[in-house]
Structure formats: structure tokens, C-alpha cells
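Novice: compute the structure for the input listed below.
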Amino acid sequence: MSPDPGPPASGALAVIGVDGAPLPAPAREALDRAEVVLGAARHLDTVPVPATAERVVLGPVEAGLQRLAGRRAVVLASGDPGFFGIVRLLRERGHAPAVFPARSSLQLLFARIGRSWDDVTVVSAHGRDLGAAVNVCRARPAVAVLTAPGAGPAEIGAALHGWPRTLVVAEDLGGPAERVVTLPAAEAARREWHPLTVVLCLRDADAVPPRGWCAGGEPVPPAGGWALPDDAFDHRAGMVTKAEVRALALARLAPRPGALVWDVGAGSGSVAVECARLGAAALAVERRADDAARIAANAARHGVDVRVVTGEAPAALAGLPRPDAVFVGGGGPDVVAAAAAAGPERVVVALAALDRVAPTRAALRAAGLAVDGVQVAASRFADLPDGSVRLAATNPITVIWGMK
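Specialist: Just a heads-up that it's a prediction; the model follows:
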């Protein structure tokens, strides 16, 4: 085997973005000097590759990079190669390329539809797990997804079943088959699409987002913090997970962008709402129709999206998308077992009844989870008539969690 020749000399490698428009003068000059040009076949056919340069159709990346060593080289890439593109890989391999970006596919998409995009969260499903990208679409009002074969509009639309979303699908932007289509997510799931697409997923297709300060919408964690006061949620006769318990549950659930959290036996939905405020996709399961309505109202009150499934667990859990974490606030060991069987990394259970502690631990262990727990016994300040304060005890709650 020949020794690794290493990266080309400094300044010898250029990365040129291609978007269908004529190349700017600096990019053309870099291309004219190239001894080898590497890129997808469609890019090599689009730009004026010098007749003296070796053309290398990009296949396995590592093999292609070996062809660049020691030569004046150009790599062709789509749009802005510094945005989820090949520039990162080249720098990981020790290259210091000169980069000549074109308009990114996102710039083209938003220009085509005449929409600002500083409020849009951008995720990539190209060479990555589609589940995380879909969970962001479930959680955020506006999400752009960079797609790939097998992780395109049809797959995204199918995965959004139960979440009302509109998709804007841009096919072959800047190319001969360019088309921009707006349709419900469910309809996108039933169509075939061009392999080169960008998807914009919208909760409200007609909404004009407010002026913000942070690209991608409001950042998480939210400015108001978490473990909100109990009165931040409408609830039925105190049926709300208390703030002290909620704080611990959130710490163990680890809600975050890209994750899906179930709140089973949700009651007021306080845990689901808090998980959504922390960036996770949230799904609440509640058997009572009046509480289900409260969950939807509480989600709207806090400006987040929680999918509410009205039904009794464990039967109501069948067919729901796989969660990353589950909170069980109501239900016995059979519910805990069903939640753990759904494949989450984390299951957190809040128990008021001590006789459920042992069967809950057993159910989590039977699912192969490492189990731990703690009892939360909090005393809150309560004002006295003379202006002094006493401590008022809340009901002790046992919190048990199982982790993969």
C-alpha cells in the first residue's frame, strides 16, 4: 500500500459552490488553474471544466480525496459548501480550502416563496437519523429540512401523522426540473419526489412571524425558566405535577430539540408543556376528555405545540411514534411496562402511592433499564396573618426513573 500523500499544499485546494448560475470570476479563475476537478456528475456537466484537468466523479469520498493530493484541485459542491457541506470534512482531513460559495438551497427556496427565514430552524436529514429532524418539525412552527434519498418529503410527511403541518417542497432548485409545491404533510407522504429536495415544514402556512433576534426562532431554554409555578397551568382540583417534582422529572427526561417525549396520564399536561418549552416534541396521553382539552389550552397558553391523544393507557399507546423519553404521571405497572416497551432511552414515573413503588421498579428492570429513584418531600412558604411565614408541606412523591 502506498503511503498517504496527505492534503494538497496550502492554497492548492478550492471548493466551488454550484447553484445553476454562472460562476463568479474568482471561482472561474480557480477552476481554470485546476489539475483535477472532483464533483458529482451533474456538477461536472454544469461548469466549464478545463480540458487539461482530470475529471473525477465523486463516489466514495475518501477515495476521491486521495486524487487531490499534491495537485491544484477543485471540489464542486451544491450551493454553500460551508453549510452542512463538504468544507467540514475537508478541514477534518487537514485541508485549508479556499471556498467560493454559491446561493444555498435555503436561500433559493425562501427567495422563490418570498418569505423571510430568520425564524426558521434548519435541520439536516442528509446522512443522519430522520427521527431527530422530524421531532424538530413536530415541535417548532417553522423548520427547513435538508433531505436525502429515503429521508425526503414522503418520509417526513408520513412521520408527521397526527401533527397538522403544511410542507413546502422545493425540487431541483436552480436545475431544469425546478418545482415548488405547497401541500399538507399527509398528501406529501403519498407522492413521489425528485431526489433533490428541500422541505419547509410549517405549523401555520399563512403566519407572519414576529421580529426576532436569534436565528431559528426563540432559543431554548426559554427565558422564563422551567419548573413553572403550579398556577401557570389550568388543572382539575390540583391534578398537576407539582413544580418541585416537575423540576426533577425534567432533569431525568432530558427534553431537547430533536427528542420526542410522551406524557402519559398527563392530567394538566404540565410536563408535556414544559418539555415542549425546552425544545422537545411532546405528546400527551390522557383518558379524560375534559383534561385533554385543558392540555391543549395549556399548550396554547405557553405558545407550544403538544399533540394530545385522548385514550386510556396502555391501549392508547399502540401505534404512537417511538419516544426518546416517557413520563408516567398516571397509571399502574402495566402502563409503565408498555411505556418502557416503546423503546425510550428514559422512563420517569411519579408515584403518590407507596404500594406501586416495588412493581414499578420491577417493570422498569424487566425492560432492561437501570433503575433509581428518590422521594421528593417539599415544604413551601405560607404567609401567616401577622406577616411572618411558615412551612406548608406538600404530599411526598416518589420519583423513579429507568435509563438505558
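Novice: next SSE after the worst-scoring helix or strand of the chain on mean pLDDT?
Specialist: When the helices and strands of the chain are scored by mean pLDDT, DSSP states H and E, helix 61-66 comes last with a mean of 82. Going down the chain from helix 61-66, the next helix or strand is strand 73-78, by DSSP states H and E.
Novice: phi and psi next, for residue 304.
Specialist: For residue 304, the backbone dihedrals are phi -130, psi 170 (criterion: degrees, to the nearest 10).
Novice: other SSEs contacting the host helix or strand of residue 143?
Specialist: Per DSSP H and E, residue 143 falls inside strand 142-146. Applying 3 or more Cβ pairs under 8 Å, 6 or more residues apart in numbering; DSSP states H and E, we find strand 142-146 packed against helix 105-113, strand 121-124, helix 130-139, strand 197-202. Bear in mind the C-beta positions are built from the backbone N, C-alpha and C, glycine included.
Novice: now what about the least confident helix or strand of the chain, what contacts it?
Specialist: 5, 38, 56, 58, 86, 89-90, 93 (Cβ atoms under 8 Å, 6 or more residues apart in numbering).
Novice: top of those residues by number of neighbours, please.
Specialist: For the contacts of helix 61-66, counting by other Cβ atoms under 10 Å, the largest number of neighbours falls to residue 38: 26 neighbours.
Novice: any idea how far it is from residue 63?
Specialist: 10 Å (Cβ to Cβ, to the nearest Å).
Novice: OK, contacts around residue 101?
Specialist: Contacts of residue 101 by Cβ under 8 Å, 6+ apart are 17, 79-82.
Novice: got a list of what the spatially closest residue to residue 179 that is not a sequence neighbour touches?
Specialist: In space, and not counting its chain neighbours, residue 179 is closest to residue 171: 4.7 Å by Cβ to Cβ, 6 or more residues apart in numbering. Residues in contact with residue 171 (Cβ under 8 Å, 6+ apart) are 177-181, 193-194, 196-197.
Novice: excluding covalently adjacent residues, which one is nearest to residue 140?
Specialist: In space, residue 140 is closest to residue 121, 4.8 Å off (Cβ to Cβ, 6+ apart).
Novice: distance from the chain centre to the lengthiest helix in the chain, please.
Specialist: Ranked by residue count under DSSP state H, the longest helix found in the chain is helix 289-301. Centroid displacement of helix 289-301 relative to its chain, using Cα atoms, centre = their mean, to the nearest Å, is 24 Å.
Novice: and the helices and strands packed on strand 142-146: which comes nearest residue 209?
Specialist: strand 197-202 (10.2 Å; Cβ to Cβ).
Novice: the next helix or strand after that closest one: which residues count as buried?
Specialist: The first helix or strand that comes after strand 197-202 along the chain, using DSSP H and E, is helix 243-253. Neighbour counts over helix 243-253 (16 or more other Cβ atoms under 10 Å) mark 243-250, 252-253 as buried.
Novice: and helix 243-253, what does it pack against?
Specialist: By 3+ Cβ pairs under 8 Å, 6+ apart, helix 243-253 packs against helix 270-277, strand 325-328, strand 346-351, strand 370-376, strand 397-403.
Novice: 6 Å - rerun?
Specialist: strand 325-328, strand 346-351, strand 397-403 (3 or more Cβ pairs under 6 Å, 6 or more residues apart in numbering; DSSP states H and E).
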